[in-house]
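# sequence and predicted structure are below.
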Amino acid sequence: MLKKIVLALMLTTISLFAMNFQTASKDELMTIKGIGEKRANAIIKYRKAHRIKSAEDLKNIEGIGDEIANNAKKGIKNSEKKVAKKATKSTQKAKKSLSKKSERSKEKATKKVKSLKKSAGDKTKRAEKKAKKAKKSLKKVKAKKKK
């Protein structure tokens with residue numbers, strides 16, 4: 001009887017702390033021993049097309065074998081220093097990527113503004129020319145009426 005209670009408590013504890021691979025973030029995936037940034041990205045890419053129900057499903061992903069799947073199943077984690085270092089690196093990469101994208105966006109916006117200003121200037125010049133032509137033709141019409 002005592003064995004059954006202990007076994008039930010162990011299973012409950014394991015299920016409470018088990019990671020949901022279908023919804024885990026990149027940083028959470030990287031806490032598993034053997035999963036770095038590349039494998040975490042591979043898992044995220046895989047789960048967009050497939051459902052990951054258990055750690056065994058991870059074996060279907062290229063670069064993940066029995067050892068890593070067992071680590072995931074048992075909840076074996078990387079050392080905290082490695083996880084923090086990897087998380088910092090991925091955060092820095094994301095920031096660099098974001099700053100490059102924002103710089104490109106600023107450049108595109110600046111080009112668009114210049115283009116619109118030039119276009120507006122061209123339209124203003126055309127409108128002025130049309131107004132001059134209209135004034136000339138009006139003068140001609142008035143001159144003809146006087147004769």
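On my side now, so go ahead.
# lowest average confidence, helix or strand, in this structure?
Every helix and strand in the chain was compared by mean pLDDT, DSSP states H and E; the lowest is helix 2-17, with a mean of 58.
# after that one, which helix or strand is next?
helix 26-29 (DSSP states H and E).
# quick check: buried residues in that next one?
Neighbour-count burial for helix 26-29, with 16 or more other Cβ atoms under 10 Å as criterion, is recorded at 26, 28, 29. Where C-beta positions appear, they are placed from N, C-alpha and C, glycine not excepted.
# got the contact list for the spatially closest residue to residue 28 that is not a sequence neighbour?
Closest residue in space to residue 28, ignoring its immediate chain neighbours: residue 19 at 6.5 Å, by Cβ to Cβ, 6 or more residues apart in numbering. Counting by Cβ atoms under 8 Å, 6 or more residues apart in numbering, residue 19 touches 28, 29, 32, 72, 75.
# can you put those in JSON lines and add distance to residue 127 and pLDDT?
Below are these laid out as JSON lines (distance: Cβ to Cβ, whole Å; pLDDT from 0 to 100):
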{"residue": "28", "distance to residue 127": "61", "pLDDT": "85"}
{"residue": "29", "distance to residue 127": "61", "pLDDT": "86"}
{"residue": "32", "distance to residue 127": "67", "pLDDT": "87"}
{"residue": "72", "distance to residue 127": "69", "pLDDT": "84"}
{"residue": "75", "distance to residue 127": "72", "pLDDT": "79"}
